[in-house]
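Peer 1: Test case, fold it:
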Amino acid sequence: MHDPATLIAAFDRVAGNRGAKTPGVDGRTVADVEEYVGVPGFLNDLRASLKDGSFRPLPVRERIIPKPGGSGKVRRLGIPTVADRVVQAALKLVLEPIFEADFEPVSFGFRPNRRAQDAIAEIHYYGTRGYRWVLDADIEACFDRIEHVALMDRVRLRIKDKRVLALVKAFLKAGVLTELGDQRDTTTGTPQGGILSPLLANIALSVLDEHVMAPWKPGGTMATEGKRAYRRRTGSPTWRLVRYADDFVVLVHGTEDDTEAMREQVGEVLAPMGLRLSPEKTRVRHLSDGVDFLGFHIRWRRKRGSDKWYVYTFIGDRPIRSLKTKVRALTHRQSQLSLEYVIVRLNQILRGWSNYFKHAVAKDRFTALQHYVWQRVIEDAANPASLGVERHSPPIHHPHRAVVAYLGGGRDRVVRHGQCDGLSLPMARTHDPEPVDGPADSLTAETVESPLRREAHGGFGERSGKRGGSNPVTAPRAYSAKLLPRFTVRGG
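Peer 2: Down below sits the predicted model:
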């Protein structure tokens, strides 16, 4: 824990995190530590306090943010101090390899080399093989209600060092400084926002993974394909768990009654950890009705123009609404943001959103969003009074500036042309007759698209890790991945 190399690696992780600019209850950020204290001295003092056992974590600073989806509910984040973050990162470096060896492969959230798309591919794989009844479950206030005693008991099963156990318990009991300035003790839960919290939540929820997947262990009643087929022939169900943090689904090859029985089992397993299923978000559904999970909408449906049924993965409605809300907020006609900032910020949002959903069946969705973003940005940009152009940046109708967009998924450069104070602006879907030349500050836009590398993640309908074709970069795509336009500002 107090090894200098471990603390240096932990500080680098904290400094490289997006929250490095956010202070804890002491008001210090990573930049303040580097400027006023110095990293070597800061780490030496921290190492000494860890070594002699005098280190005590401070309460986390509470930050309340609204939950996505417009439900009106809020999420309470806990922001630790920089010193506490470094110690938590060091603890994670020590504990994560130990518990990763025991975690079940059905858990995909907050684990190294795993992502949400792997969980979706797992659902797709088993959905195509008869697991059509789904227990779509959500744990109510999971991070806030984990029982400390039960969690520490699971940690002690693998960790015997009393100093490490004392540090983990100290972070759980550190307390919270509310936004009103009141200090509140933490008798349950692990605050969201800490580096160690996702690992502790996975340790607590591993009890669910172990219970549901116990029949799949060697010697179990579902250990082999033959045993699972025998259970189905005799009228017994088989099931498979897919979990991402506190959101999970149980896929059942059986009947609706079998899925309801699984719901009761899951509730009984979570109760000793102080957790319970959310009545509003937990429901039993058939895959033909569709299931929303991690922003995707997974549905078993008939292929258009045929009598064959397949499992399709679409983009859910909520991410579409969320993206449009962000675009509208950035491109409001009364906005005082500079055009350059709006375009750069849109780049970041669209790039991340497109890369997350690029494996889904979403050609029509991407096309509609492409036109929506185009109308919001380009039509407003043609008006020099909009987007704060006159106040914060040079007018877009300057004779030596043009707006260019590279749209579509093909190899050809495609642009749109229109008029803005006598300047030819890209509007209609035509080929540009000549490149746009001119001084710096030209506005350009490119399509961002990463090749689907099947050696890293199989296409939907394949097991993760299977490779399609000899060349993973040029292997045929499982689904259309037409992305949104990426707008950038090119300067000299």
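Peer 1: Lowest-scoring secondary structure element of this structure by mean pLDDT?
Peer 2: Least confident element among the helices and strands of the chain, by mean pLDDT, DSSP states H and E: strand 414-415 (a mean of 36).
Peer 1: which stretches of the stretch 151-300 of the chain form strands?
Peer 2: 176-177, 183-184, 238-244, 247-253, 283-286, 291-293, 296-302 (DSSP state E, counting those that start in this stretch).
Peer 1: can you put the ones you listed in CSV and add distance to I8 and mean pLDDT?
Peer 2: (C-beta placed from N, C-alpha, C; glycine too.) Converted to CSV, the strands of the stretch 151-300 of the chain look like this (distance: least, C-beta to C-beta, whole Å; pLDDT from 0 to 100):
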stretch, distance to I8, mean pLDDT
strand 176-177, 29, 91
strand 183-184, 32, 89
strand 238-244, 32, 97
strand 247-253, 35, 96
strand 283-286, 48, 96
strand 291-293, 39, 96
strand 296-302, 39, 96
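Peer 1: so which of those strands comes closest to V311?
Peer 2: Comparison of those against V311 by C-beta to C-beta identifies strand 296-302 as nearest, at 5.0 Å.
Peer 1: got the angle between that closest one and strand 247-253?
Peer 2: 20 degrees (axes from the mean of the first three to the mean of the last three C-alpha atoms, to 10 degrees).
Peer 1: State the phi and psi torsions of the residue sitting nearest the centre point of the chain.
Peer 2: In the chain, the centroid-proximal residue (C-alpha atoms, centre = their mean) is A116; its distance is 6.7 Å. Here is the backbone geometry of A116 (degrees, to the nearest 10): phi -60, psi -40.
Peer 1: Excluding chain neighbours, give the residue nearest to it in space.
Peer 2: L294 (4.6 Å; C-beta to C-beta, 6 or more residues apart in numbering).
Peer 1: and that neighbour, what pLDDT?
Peer 2: At L294, the model reports a pLDDT of 95.
Peer 1: surely it meets I120?
Peer 2: Yes: counting by C-beta atoms under 8 Å, L294 touches I120, with 6.4 Å between them.
Peer 1: List the contacts of stretch 269-277.
Peer 2: With contact meaning C-beta atoms under 8 Å, 6 or more residues apart in numbering, stretch 269-277 is reached by 137-140, 142, 145-147, 150-151, 188, 204-205, 207-208, 211-212, 263, 266-267.
Peer 1: hmm, try it at 7 Å
Peer 2: If you take C-beta atoms under 7 Å, 6 or more residues apart in numbering as the criterion, stretch 269-277 is touched by 137, 139-140, 142, 145-147, 150, 188, 204, 207-208, 211, 266-267.
Peer 1: Would you list the buried entries among those residues?
Peer 2: Buried members of the contacts of stretch 269-277, scored by 16 or more other C-beta atoms under 10 Å, are 137, 139-140, 142, 145-147, 150, 188, 204, 207-208, 266.
Peer 1: out of those residues, which are inside helices?
Peer 2: Within these, residues falling in helices by DSSP state H are C142, R145, A150, A204, V207, L208, V266.
Peer 1: which one of those sits closest to V342?
Peer 2: Among those, C142 lies closest to V342 (C-beta to C-beta), at 36.5 Å.
Peer 1: ok, and the closest non-adjacent residue to the closest one?
Peer 2: In this structure, C142 finds its nearest non-sequential neighbour in D246, 3.6 Å apart by C-beta to C-beta, 6+ apart.
Peer 1: okay, and for the protein, where does confidence drop off?
Peer 2: 69-71, 379-492 (pLDDT under 70).
Peer 1: what do you get if the cut-off is 80, keeping everything else the same?
Peer 2: Scanning the chain for pLDDT under 80 picks out the ranges 1, 67-73, 333-336, 378-492.
Peer 1: Could you export the strands of the stretch 151-300 of the chain as JSON lines, including distance to D52 and mean neighbour count?
Peer 2: Formatted as JSON lines, the strands of the stretch 151-300 of the chain follow (distance: least, C-beta to C-beta, whole Å; neighbours: other C-beta atoms under 10 Å):
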{"stretch": "strand 176-177", "distance to D52": "26", "mean neighbour count": "19"}
{"stretch": "strand 183-184", "distance to D52": "26", "mean neighbour count": "11"}
{"stretch": "strand 238-244", "distance to D52": "40", "mean neighbour count": "23"}
{"stretch": "strand 247-253", "distance to D52": "42", "mean neighbour count": "23"}
{"stretch": "strand 283-286", "distance to D52": "53", "mean neighbour count": "16"}
{"stretch": "strand 291-293", "distance to D52": "48", "mean neighbour count": "19"}
{"stretch": "strand 296-302", "distance to D52": "50", "mean neighbour count": "18"}
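Peer 1: right, and the ones you listed - which one's nearest K73?
Peer 2: strand 247-253 (14.9 Å).
Peer 1: and that closest one, what does it pack onto?
Peer 2: Helices and strands touching strand 247-253, as assessed by 3 or more C-beta pairs under 7 Å, 6 or more residues apart in numbering; DSSP states H and E, comprise helix 116-127, strand 133-138, strand 238-244, helix 256-270, strand 291-293.
Peer 1: Does anything pack onto the shortest one? Which helices or strands?
Peer 2: If you count contacts as 3+ C-beta pairs under 7 Å, 6+ apart, strand 291-293 packs onto strand 247-253.
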